[in-house]
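Student: coords below, sequence missing:
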C-alpha cells in the first residue's frame, strides 16, 4: 500500500488508515482485524480517549504493542468524562490535556503518540494555551506531531494560522464535499487531510442503493436525490466503492482515508476497492453527479 507524507513532517501514513472506533470490544476479534490491516500494508491506526471511555485505546494498545516501531499511532483529546462515566464535557485546558496524554499513553502501552489530535474545538478555547501545550508535549517526546479533528472552519483556520499542526480530520466524501472549499487553506499551511466517512455510512458501497431506500435524507440530499445520485454512480463503469475512495485520494491534500471496520471481511472489501484503478474521466463524472455544498455555520 502506498504511503503519503503527513504535512511537512517526517511521518508517512498509509493511504488507508484503520479507524479503530468500529473495532469489536472482544480483544481476539479486534486482533484479527488489526492483523489483516498490518498484513495489507496499513500502518496508520486512529483511536481516541473518548471511544468506549478509553477501552478502545486499551484494545488498540494490546493489539499493536509488538509492532510499535512499524506503525503510526494516533489518538485524540479534549473530551472529559464526568465522575460517573456516563457523559462528557469539552475541556481543552493545559491541565486536562497533560493529564489525558499520560492516561492515553498508559492505555496504549507506548512511550509516545505519533499524531495527537484535538478532538473538536470552539472559538471560546484558549488556542494559544492549546498550542503551547501540544508543543510542550512534543519537546518532552510524548508526541511527535499534532493536529485537529473538526468540521468548524473558523476553529480550523485559527489553529492552522497560529500553529505547526500537520493534520486536519474532516468528514469528506463524494456525498459531503463541503471540505473542498478549505483545501487551499490546508495546503497553504502544509497540513494533510485525514478523511473520515469516505463511503458515507455505506451509501457509497455496493449496498448503497438498498441503504439509500431506507434513509430519509443525507445532509442536503433528500431521499429521492440520494437514490437518484447513487443510481447514477452505479451506471458508471467502475465499482462505486472504488470511485468513492479514489475520488478522495486524487486530492493532493489527502494524507490518509480513515476507514472503519467491524470485521476482517469488511476491511478486506475496502482494501480491494482501494486497489481498483478508476479512470480520471469517471472521477470527473462522479463529481458532476454530486452537490458542491459548503459549510453554512462556523464560517471564518
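Tutor: That came in fine, so what should we check first? Treat the numbers as computed from the prediction; the structure is a model and nothing was measured.

Student: what residues of stretch 3-12 count as buried?
Tutor: 3, 4, 6, 7, 9, 11 (16 or more other C-beta atoms under 10 Å). Backbone N, C-alpha and C define where each C-beta goes, glycine included.

Student: that stretch - what's its average pLDDT?
Tutor: Average pLDDT, stretch 3-12: 97.

Student: go on, stretch 168-176?
Tutor: The model assigns stretch 168-176 a mean pLDDT of 98.

Student: I'd like the buried residues of stretch 3-12 laid out as CSV, including secondary structure and distance to residue 277.
Tutor: Formatted as CSV, those follow (DSSP: H, G, I helix; E, B strand; the rest coil; distance: C-beta to C-beta, whole Å):
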residue, secondary structure, distance to residue 277
3, strand, 18
4, strand, 18
6, coil, 25
7, coil, 27
9, coil, 29
11, coil, 27
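
Student: from those, which is closest to residue 281?
Tutor: residue 4 (23.8 Å; C-beta to C-beta).

Student: might one say that that closest one is in contact with residue 194?
Tutor: No - judged on C-beta atoms under 8 Å, residue 4 makes no contact with residue 194 at a distance of 10.8 Å.

Student: what do those two both touch?
Tutor: Residues touching both residue 4 and residue 194 (C-beta atoms under 8 Å, 6 or more residues apart in numbering) are 255, 256.

Student: give me the neighbour count for the closest residue to residue 1 other than its chain neighbours.
Tutor: Spatial nearest neighbour of residue 1, excluding adjacent residues (C-beta to C-beta, 6 or more residues apart in numbering): residue 41 at 3.3 Å. By the other C-beta atoms under 10 Å criterion, the neighbourhood of residue 41 contains 13 residues.

Student: in a helix, that's where residue 41 is, yeah?
Tutor: No - using DSSP: H, G, I helix; E, B strand; the rest coil, the secondary structure at residue 41 is coil, not a helix.

Student: pretty sure it contacts residue 15?
Tutor: No - taking contacts as C-beta under 8 Å, residue 41 lies outside contact range of residue 15: 9.0 Å.

Student: for the protein, which segments count as strands?
Tutor: 3-5, 12-14, 16-19, 44-46, 72-77, 79-81, 88-90, 113-119, 143-149, 167-171, 192-196, 217-218, 221-222, 254-260 (DSSP state E).

Student: and of the ones you listed, who's closest to residue 275?
Tutor: strand 16-19 (10.2 Å).

Student: picking that back up, how close does the residue nearest to residue 1 get to residue 3?
Tutor: Distance of residue 41 to residue 3, given as C-beta to C-beta, to the nearest Å: 8 Å.

Student: need the residues touching each of these two.
Tutor: With C-beta under 8 Å, 6+ apart as the test, residue 41 and residue 3 both reach residue 14.

Student: one step back: mutual contacts of residue 41 and residue 15, please.
Tutor: Going by C-beta under 8 Å, 6+ apart, residues that sit against residue 41 and also against residue 15 are residue 1.

Student: ramachandran angles for residue 202?
Tutor: phi 90, psi 0 (degrees, to the nearest 10).

Student: does it really touch residue 209, like I thought?
Tutor: No - with contact defined as C-beta under 8 Å, residue 202 does not reach residue 209; the gap is 10.7 Å.

Student: would a markdown table of the buried residues of stretch 3-12 with distance to residue 230 be doable?
Tutor: Listed next are the buried residues of stretch 3-12 as a markdown table, based on distance: C-beta to C-beta, whole Å:
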| residue | distance to residue 230 |
| --- | --- |
| 3 | 31 |
| 4 | 29 |
| 6 | 32 |
| 7 | 34 |
| 9 | 37 |
| 11 | 35 |
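
Student: closest to residue 165 out of the residues you listed?
Tutor: residue 7 (7.8 Å).

Student: neighbours of the spatially closest residue to that closest one that is not a sequence neighbour, how many?
Tutor: Nearest non-adjacent residue to residue 7, counting by C-beta to C-beta, 6+ apart: residue 166, 3.1 Å away. Using other C-beta under 10 Å, residue 166 is surrounded by 22 other residues.
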